[in-house]
Each structure stands twice: as C-alpha cells, then as structure tokens.
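Colleague: Structure of the sequence below:
(3 chains)
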Amino acid sequence: MKTFRREIWMNIPKRRAFVNITSEVEGALAESGIREGLVLVNAMHISASVFINDDESGLHHDYEQWLEKLAPHAPVDQYRHNDTGEDNADAHLKRQVMGREVVVAVTGGKLDFGPWEQIFYGEFDGRRKKRVLVKIIGE
Amino acid sequence: MKTFRREIWMNIPKRRAFVNITSEVEGALAESGIREGLVLVNAMHISASVFINDDESGLHHDYEQWLEKLAPHAPVDQYRHNDTGEDNADAHLKRQVMGREVVVAVTGGKLDFGPWEQIFYGEFDGRRKKRVLVKIIGE
Amino acid sequence: MKTFRREIWMNIPKRRAFVNITSEVEGALAESGIREGLVLVNAMHISASVFINDDESGLHHDYEQWLEKLAPHAPVDQYRHNDTGEDNADAHLKRQVMGREVVVAVTGGKLDFGPWEQIFYGEFDGRRKKRVLVKIIGE
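Modeller: Below is the predicted model:
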C-alpha cells in the first residue's frame, strides 16, 4: 500500500468564496503514482468546507445567498460563540451544510468522476491563511 | 490490497425520489471478495445524493417536505443558476443537505452497519439516466 | 494492509447533546499500530451524527438552537415518521445536516488534524445505548 500527503494553502482576501481546487488534487494524484485507491480531501479549518458540485458562477451565487439565509452572519450577537470575541459563528454553521471533506475514488490513476464533478474549497471566514489536506491511499 | 469498482445505473421517472440501493452495494461487496476495508458509495451527478438513513416511507415523505422548505424548487427564477436554461438549482442545494457520498466499513465480508442503517440514492432532478459509483478497497 | 475496529458506546441521559470523542479515537489509533492510512468514524444509529468542529460550549449552544430552528422537534405530529409511534423524526433531519461520519487521514501514527479540529458525537434522540464505529485501514 502507498500513501501520499499534500497540503494546499489558501488565503482568500474576503470573508466568503468558492475556489475550484480540482487541478491541485489531480496534480497531487499524478505525483503520488497511485493508480487504484481513495483520495480524502478535507478542510483543516473548522470554518471552511471541501465539497463537490458544479463550476458555475450562478450556482455559487445561489449557494452564497442560500447559506446566508439558513445561517445569517448578522446580527453577530445572536450567536453565543461570538461572545468569545469571534464574529464567525455563522461560518461554523455554514460549513456543516456544505461539509468538511470529500472522498473520491481513484481508478486507472484518475479521479473517478461523473461528467460535472469538480472539487471546491468553500471559505466562510477568510482573510487569513488556511489549509486543505489531500491524503491518498492505494497502490 | 484489492480494489473493486461497480456502477449502479438509475433512471428515476419523476423529479425527486429516494431509492434503497443497499442490496446492490452488498452484491458488489460479495463479488469483490474483500473481507476487510472500506466501501465508498457516491452519486456521480451533482444534483443527486447518496446517504444512509431509515427505510421508512413516512420519513421519506418528511425529507421531501423539509428539503422543499429549505430549498424550494419554485419560483425557478429565484436562482441565478437557472438563468443558464436549467430549472434544477434547488436540486444542487438539496443535494448538499443530504450529502454526495457515504463511506462504510467492511468487516468480515459484510457492510459493518448498525441495526437500521440502509443506503439510499436521493434523486432531486430525475427523468434521465444517472450513475452511482461503488468503490471498494481492502483485502 | 492492516485494519482495526473499535466500537465506542454512548448512553446520553437527555435527548440531545454533543460529546467530544477525539481521545477515544486517538486511543483506538494508538492501539491499532497503524502509521499511515485512513480512519472512518461513523454513528451506527440513524438519529445521531459524527462530525468535526470546535470544542467551544457557545458554539454547541448555537448548533442546538440552529438545528431546532431548521428541524423543530415539536409539534411532533407535523412529521409522518412520527405516525409510526416515534417522536424522533426531527432527529433524522438534524442528523443529515450534521452528517453521519468523518474520514480522517492518519500520518505518522497521528490523526492528521488542523489546529482546532475535534471529533464529536451528536446525539439527537438519546436516553438509550448507542454506538460509534471506528474503522482504521492502512499500515
């Protein structure tokens, strides 16, 4: 069994954004030499997500609006987590809807994807350095 | 290490439905001969889910109602994704709540499940052929 | 390839609670002797979650309030699942938001975590014995 580990560093200049990281994950897979197995891709921070969906800007706008409706940022004093001096409680909620991680099959050295699957980093409390972990196991 | 790959094809005649695919996954596991490891089961399409819950029709009715409340289908012009000519933006939102994939332990050649766990395909934009991927790794 | 399996038993004295199970998972990993691979941690019951987030009591209060707003427990007769004699339909909904499972990388014999990641059991229908499964594969 072989394993491979790679960190992808992010530094999003605003509070919230979605970034396509598919090519970085594909690059890690190619470097690993692993042909059959599983890839885990997860946010290493608890106010961010990794998820798979469509690379379509209208949809990303819809996600932004929808998550803000389900878990509004303001007023910040509606959340007890923000009593600690943070203002990011909503980011911890939004991240649960979108998820922490994805697990993707590796077949024939490629990400075993359907026609429109792309991997995204979802930032909900940016303006600082954060990391995504790529861990590949297989042979 | 052994790996095994199977696609399960779906063609749901209506927009939304939940389908129990546990026996198909068990069949793939039996065929694989893998006794210890992990099974990944994921929707290959981004307006569908794979999740684990109860095979109880009342609950499925509740999921349908609840998801429609959290992410309504109509009016379709409330979503920017639908400006592309689609009418399925809500399906991309509902799929995030229910999830893309499950990872299940394999122990002694069986899905290592609690008493009520069953695997479902959740369709949110049907009336066309779609696929579920089963990838098993282990030995 | 090595595999290791451990059940963690829970018996939460109230309906809902969040319990940090990180040290139990770390204990299982240490006992397994596995240095590189993946850990799956999942609820074996369909009205409970395993998720990764912050060990901060204010945030847990916020999750409780927020999940109750998204999927209220009462009135119980709003859910068809409860026609079966149960009163836990809301628990099956809350669990979908928070998730069934997490998959964590193992690197150098440790859980490969970012600075604040902790593993929680989320109980949404307690007052009875339930289990969490830890399955580790690697070498």
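
Colleague: I figured A:Glu31 hits A:Phe4, correct?
Modeller: Yes. With contact taken as Cβ atoms under 8 Å, A:Glu31 and A:Phe4 are classed as touching, separated by 7.1 Å. For the C-beta atoms, the positions are set from N, CA and C on the backbone; glycine is no exception.

Colleague: Look at the two and report which has more neighbours.
Modeller: Neighbour tally, A:Glu31 and A:Phe4, criterion other Cβ atoms under 10 Å in any protein chain shown: the higher count belongs to A:Phe4, 18 against 11.

Colleague: how deep is the residue nearest to the more buried one when sequence neighbours are not counted tucked in, by neighbour count?
Modeller: The shortest distance from A:Phe4 to any non-neighbouring residue, by Cβ to Cβ, 6 or more residues apart in numbering or on different chains, is to A:Ser32 (3.5 Å). Here the count is done by other Cβ under 10 Å, and A:Ser32 has 22 residues near it.

Colleague: For stretch A:14-34, buried residues please.
Modeller: Across stretch A:14-34, burial judged by 16 or more other Cβ atoms under 10 Å in any protein chain shown covers A:15-18, A:21-22, A:24-25, A:28-29, A:32, A:34.

Colleague: follow-up on the earlier one: residues in contact with the residue nearest to A:Phe4?
Modeller: A:2, A:4, A:136 (Cβ atoms under 8 Å, 6 or more residues apart in numbering or on different chains).

Colleague: could you dump stretch A:72-86 to CSV, C-alpha only?
Modeller: Only the C-alpha atoms of stretch A:72-86 are listed here, as CSV (Å, rounded to 0.1, in the frame of the first residue of the first chain):
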residue,chain,number,x,y,z
PRO,A,72,-27.0,34.6,8.7
HIS,A,73,-23.8,36.4,9.6
ALA,A,74,-25.5,39.3,11.2
PRO,A,75,-26.5,40.3,13.8
VAL,A,76,-23.4,38.7,15.3
ASP,A,77,-24.7,38.9,18.8
GLN,A,78,-27.4,36.3,18.0
TYR,A,79,-24.6,33.6,18.5
ARG,A,80,-23.1,32.6,21.8
HIS,A,81,-19.9,31.6,20.1
ASN,A,82,-19.3,35.2,19.2
ASP,A,83,-19.3,36.1,22.9
THR,A,84,-15.7,34.7,22.8
GLY,A,85,-14.7,37.7,20.7
GLU,A,86,-15.1,36.0,17.4
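
Colleague: relative orientation of the lengthiest helix in chain A and helix C:57-70 in degrees?
Modeller: Ranked by residue count, the top helix of chain A under DSSP state H comes out as helix A:57-70. If you take axes from the mean of the first three to the mean of the last three Cα atoms, to 10 degrees, helix A:57-70 sits at 100 degrees to helix C:57-70.

Colleague: other SSEs contacting helix A:57-70?
Modeller: helix A:89-98, helix B:89-98 (3 or more Cβ pairs under 8 Å, 6 or more residues apart in numbering or on different chains; DSSP states H and E).

Colleague: Mean neighbour count and distance to chain C for those - can I get that in JSON lines?
Modeller: Formatted as JSON lines, the helices and strands packed on helix A:57-70 follow (neighbours: other Cβ atoms under 10 Å in any protein chain shown; distance: least, Cβ to the nearest Cβ, whole Å):
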{"stretch": "helix A:89-98", "mean neighbour count": "25", "distance to chain C": "5"}
{"stretch": "helix B:89-98", "mean neighbour count": "25", "distance to chain C": "6"}
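
Colleague: Using a markdown table, lay out these together with mean pLDDT.
Modeller: What follows is the helices and strands packed on helix A:57-70, written out as a markdown table (pLDDT from 0 to 100):
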| stretch | mean pLDDT |
| --- | --- |
| helix A:89-98 | 98 |
| helix B:89-98 | 98 |
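
Colleague: Can you lay out these as CSV showing distance to C:Trp9?
Modeller: Converted to CSV, the helices and strands packed on helix A:57-70 look like this (distance: least, Cβ to Cβ, whole Å):
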stretch, distance to C:Trp9
helix A:89-98, 25
helix B:89-98, 28
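
Colleague: For C:Met10, find the nearest of these.
Modeller: C:Met10 sits nearest to helix A:89-98 of all the helices and strands packed on helix A:57-70, at 20.0 Å, using Cβ to Cβ.

Colleague: Kindly report the residues of chain A close to chain B.
Modeller: A:1, A:36-38, A:51-54, A:56-59, A:61-63, A:66, A:70, A:97-99, A:102-105, A:107, A:112-117, A:137-139 (Cβ under 8 Å from any Cβ of the partner chain).

Colleague: What subset of those is buried?
Modeller: A:1, A:36-38, A:51-54, A:56, A:58-59, A:61-63, A:66, A:70, A:97-99, A:102-105, A:107, A:112-114, A:117, A:137-138.

Colleague: How many neighbouring residues does the residue of chain A found nearest chain C have?
Modeller: With Cβ to the nearest Cβ, the shortest gap between chain A and chain C falls at A:Met44, namely 2.9 Å. The number of residues packed near A:Met44 is 21, by other Cβ under 10 Å.

Colleague: my guess is it meets C:Thr107, correct?
Modeller: No. If you go by Cβ under 8 Å, A:Met44 and C:Thr107 don't touch, sitting 11.9 Å apart.

Colleague: picking up where we left off before, of the contacts of A:Ser32, closest to chain B?
Modeller: A:Lys2 (9.2 Å).
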